[in-house]
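Undergrad: Please find the sequence and the predicted model below.
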Amino acid sequence: MIEKFKIAFADFLHSLHRFWLEVIGGVFLALGVVFTFSAIKEYREYLKTPENGILSVGLTVFFSFLMLLFALESFWKSRKPR
């Protein structure tokens, strides 16, 4: 029964998986943009008061890069033919 279901709905499930990857890629892209703006804000504050340290700037840059990388991978996986 499961095999018949997979045969009947294979294209639908494949399209649904691609849609899921694109939605998750969009979420990661939005998070990456938010983290990028936050990194710019943190860097400007670091220039005003450097005694607070650069750890917050480094972490926001790292997480913005990570989210943008996840978005790129998700979009790449959704476009890759199987």
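TA: Arrived safely, thanks for sending. Keep in mind the model is a prediction, meaning the values are calculated, not measured.
Undergrad: Tell me which residues touch the most centrally placed residue in the chain, please.
TA: Closest residue to the average C-alpha location of the chain: residue 28 at 2.4 Å, with C-alpha atoms, centre = their mean. When contacts are counted by C-beta atoms under 8 Å, 6 or more residues apart in numbering, residue 28 touches 67-68, 70-71, 74. For every residue, glycine as well, the C-beta is placed using N, CA and C.
Undergrad: Need those in TSV (columns: secondary structure).
TA: Below are the contacts of residue 28 laid out as TSV (DSSP: H, G, I helix; E, B strand; the rest coil):
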residue	secondary structure
67	helix
68	helix
70	helix
71	helix
74	helix
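Undergrad: for the residues you listed, which one is nearest residue 56?
TA: residue 67 (16.4 Å; C-beta to C-beta).
Undergrad: Could I get the pLDDT score of the closest one?
TA: Residue 67 carries a pLDDT value of 97.
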